[in-house]
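Provide a 3D model corresponding to the input given below.
(chains A and B)
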Amino acid sequence: MMLKLSKDKIGELFQKIASDRTLYLPVDNNGQVNFGRWTPDAAVRLDQLKTVKSSKDFFFPQTENIVAFKRQGKDISIIEKRDANEPFVVFGVRGCDVRSLDILDRVFLCDPVDSFYKARRENGTIVSFACSEPEENCFCGVFGIDAADPLGDATIRVIGGDLYWDAKTDKGRALEESAGALFTQATALDSDAIKEHDERSREISGRLPLKDLDLDSFEESALLEKFNSPLWKELSQACVGCGTCTYVCPTCQCYDIQDFDTGHGIQRFRCWDSCMYSDFTLMAHGNNRKSQVERFRQRFMHKLIYYPANNDGIFSCVGCGRCVAKCPISMNIAKVIRALGGVSVSV
Amino acid sequence: MSNSAGIADMLIPRLGVVKNIRTDTPDVKTFRVEAPSGGVIFPHMPGQCAMVSIPGVGEAMFSITSSPTNTEFMEFSVKRAGFLTEWLHQMDVGQQVTVRGPYGNAFPVDTELRGKDLLFIAGGIGLAPLRSVINYVRHYRDRYGLVDIVYGARSTDDLVDIDEIRNEWTGHDNVNVHLTIDRPQEGWDGHVGFVPDFVKELKFPTTKTALICGPPIMIKFVLAALQTLGFDKSQVYTTFELRMKCGIGKCGRCNIGSRYVCKDGPVFRCDTMEELPDEY
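Numbers count the residues shown, from 1 in each chain, chains lettered A, B, ... in the order given. You can find the predicted model right below:
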């Protein structure tokens, strides 16, 4: 049975969770809502459907130190010092972003395991947040995600004046125990309200403009056919290669490794990178993806054909719609899926 | 939390010391690297690569040109081509470097290549990954059939480690060496012409298994030349490199089709490349 908490006690819940681990949740910072650290006076925004950036940062940070060095004459010393990594909670993660972690897990946790990512995954607890009103850019349903009842260590629903809590894993139950005194048991009446909430959410999802994107033709056997499609040229024509789509994308995983001279030594860090950038594949002997058409194609081929070919057919897109909202030229994966899937699209 | 190499993470390098620097050509040097306590930094198989770095300067993937049968040191043949390689060319013996790996698959020396007549075809610095295989094959000579080596470069000055080729390979261990240079040169009485044409002229029987490495354009033309001679793509292996950062199939740079060159390659049997988009 689910647990329940009056919405006006939600601050107490945050305080309780934050008492023994770091709590991140959607907060307003100068008009942008992103996951940020909870403090008693943080501008928490649970009414915002989507954060600008996804929850990816907590597991695969935009920049992360890997190892440091000191150089003296011909000698080098390697200094292994990791950033502190302690238990934390990400609260209010939507179903799309929850699925994105499964997609990233398949990259970073497959052999050889990325120990930086793994440590963060082990330390992190995900409290997902059911979507009451999915909006027009959402298409998570295309990828079989149920926004009304997302996965996660625990799931919350906000219905009327109440917050409902549904622990789904040991981590979620551990969190529930630490905040146990705040909750009351949900009743049969509450079950009806939850059922109604979920049905309404699914009904909205079923009416969204991108709900019936057809991915049937995106399979490994069509790899060369899709790759060689003449449509890429037209689709990518206006792409400015800004990489915004990759930075707001919860599943983009490409990274760079760079050294920074701190004045006291060399800090090696990794940071997000984008296959949309012209120097991403640049080598001393040339560049195997010279044009934006090729780089644009790489991003979508990877999400829709290459990644699924290596991962049981799972697409590397969760339908969060961030790229749909943010692309400065209004190009996006939904248009690509339609065009490459045989539907005519105006570019 | 450690991987098969027993270190905390595959992204964390180990130390190496440059023990010897050999100038092979005007723009290629071969660096002999040992662990600080002596010996190789880690074992590898022929065709595998390693990330070599001078922290603060750069880190890049190089094939390990020494044979795994050499446990005293590792060798990297490096062509001066950019920022890091320029720095490496300027350094002196005794310089420490960082090395991580080994990365990628290897030529199937203990399986598919066993008992076969082998035909090595290299152009320029492309000899570097094949040298590891050639010396491995020479070490276990009775495990393989006939060995032919076709090697070409722009000029005699550009043939990498010609001394080893002349003094240790030619006429030893039942190995046939066929050298060529692109244009005629005074004092050169050997073959003149491009490697793909030379391969066609030599009319190798299709009983051989070929291993090719060189500039991407040479690989494509040599493969075509071998097919003209009647070779099937399944008898031809090649190795190549794309830009890499992680070496473990995660950073996304060397992704071609559903493959990562650093992890699923760098060695590919040419028939398996048919399923890859032509983007390498």
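
Given the helix-or-strand element of chain A with minimal mean pLDDT, what are its sheet partners and their directions?
Lowest by mean pLDDT, DSSP states H and E among the helices and strands of chain A is strand A:286-287, with a mean of 89. Strand pairing for strand A:286-287, using DSSP bridges, gives strand A:282-283 (antiparallel).

and the least confident helix or strand of chain A, how far from the chain's centre?
Counting by C-alpha atoms, centre = their mean, to the nearest Å, strand A:286-287 is centred 31 Å from the centre of its parent chain.

Quick one: residues in contact with stretch A:176-193.
A:1-5, A:9, A:12-13, A:16-17, A:20, A:154, A:159-160, A:162, A:164-165, A:167, A:194 (C-beta atoms under 8 Å, 6 or more residues apart in numbering or on different chains). Where C-beta positions appear, they are placed from N, C-alpha and C, glycine not excepted.

Next one: the residue lying closest to B:G187 once chain neighbours are set aside from A:V324, what distance?
Take B:G187 and drop its neighbours on the chain: the residue closest to it by C-beta to C-beta, 6 or more residues apart in numbering or on different chains is B:T156, 7.5 Å away. Distance, B:T156 to A:V324, using C-beta to C-beta, to the nearest Å: 60 Å.

Also A:A167?
33 Å.

wait, what's in contact with A:R94?
A:49-50, A:128-129, A:131, A:147, A:150, A:320.

Quick check: the gap between it and A:P250.
Taking C-beta to C-beta, one finds A:R94 at 9 Å from A:P250.

what do these two both touch?
With C-beta under 8 Å, 6+ apart, A:R94 and A:P250 have common neighbours A:C320.

Flag every buried residue along stretch A:286-294.
Neighbour-count burial for stretch A:286-294, with 16 or more other C-beta atoms under 10 Å in any protein chain shown as criterion, is recorded at A:287-289, A:292-294.

quick one: is the helix or strand following the least confident helix or strand of chain A near chain B?
For strand A:286-287, the following helix or strand on the C-terminal side (DSSP states H and E) is helix A:292-301. Yes - judged by C-beta under 8 Å from any C-beta of the partner chain, helix A:292-301 comes into contact with chain B through A:294, A:298, A:301.

from these, which single one is nearest B:R100?
Of all these, the one with the least separation from B:R100 (C-beta to C-beta) is A:Q298, at 26.0 Å.

for the residue lying closest to that closest one once chain neighbours are set aside, what are its contacts?
Distance criterion C-beta to C-beta, 6+ apart; nearest residue to A:Q298, sequence neighbours excluded, is A:C275 at 5.0 Å. With contact set as C-beta under 8 Å, 6+ apart, A:C275 has these partners: A:246, A:254, A:281, A:289, A:295, A:298-299, A:302, B:252, B:255.

do B:H89 as well
Contacts of B:H89 (C-beta under 8 Å, 6+ apart): B:29, B:78, B:80.

In helices, which of the residues you listed fall?
Using DSSP state H, no member of the contacts of B:H89 falls within helices.

In CSV, list those along with pLDDT.
Listed next are the contacts of B:H89 as CSV, based on pLDDT from 0 to 100:
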residue, pLDDT
B:K29, 97
B:V78, 97
B:R80, 95
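
Can I get the contacts of A:R94 in TSV including secondary structure and pLDDT?
As requested, the contacts of A:R94 are exported to TSV (DSSP: H, G, I helix; E, B strand; the rest coil; pLDDT from 0 to 100):
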residue	secondary structure	pLDDT
A:L49	coil	94
A:K50	coil	95
A:S128	strand	98
A:F129	strand	98
A:C131	coil	98
A:A147	coil	97
A:P150	coil	97
A:C320	coil	97
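
Just the buried ones from these?
A:49-50, A:128-129, A:131, A:147, A:150, A:320.

Let's have these in JSON lines, adding distance to chain B.
Shown next, in JSON lines, are the buried ones among the contacts of A:R94 (distance: C-beta to the nearest C-beta, whole Å):
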{"residue": "A:L49", "distance to chain B": "29"}
{"residue": "A:K50", "distance to chain B": "25"}
{"residue": "A:S128", "distance to chain B": "25"}
{"residue": "A:F129", "distance to chain B": "29"}
{"residue": "A:C131", "distance to chain B": "30"}
{"residue": "A:A147", "distance to chain B": "28"}
{"residue": "A:P150", "distance to chain B": "26"}
{"residue": "A:C320", "distance to chain B": "20"}
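
how many neighbours does the closest residue to B:I64 other than its chain neighbours have?
With C-beta to C-beta, 6+ apart as the measure, B:H44 is the residue that lies nearest to B:I64, at 5.1 Å, once sequence neighbours are left out. Applying other C-beta atoms under 10 Å in any protein chain shown, we find 22 residues neighbouring B:H44.

Can you verify my assumption that B:H44 contacts B:N70?
No - B:H44 lies out of contact with B:N70 (C-beta atoms under 8 Å); the separation is 10.4 Å.

coming back round to it: including distance to B:R114 and pLDDT, could the residues of helix A:292-301 next to chain B go into CSV?
Shown next, in CSV, are these (distance: C-beta to C-beta, whole Å; pLDDT from 0 to 100):
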residue, distance to B:R114, pLDDT
A:E294, 39, 97
A:Q298, 38, 97
A:M301, 37, 97
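
and of those residues, the nearest to A:L213?
A:M301 (16.5 Å).

tell me the contacts of the closest one?
A:223, A:226-227, B:277.

Please tell me how far it sits from A:V336.
The value you get for A:M301 to A:V336, if C-beta to C-beta is used, is 10 Å.

and what of B:P26?
47 Å.
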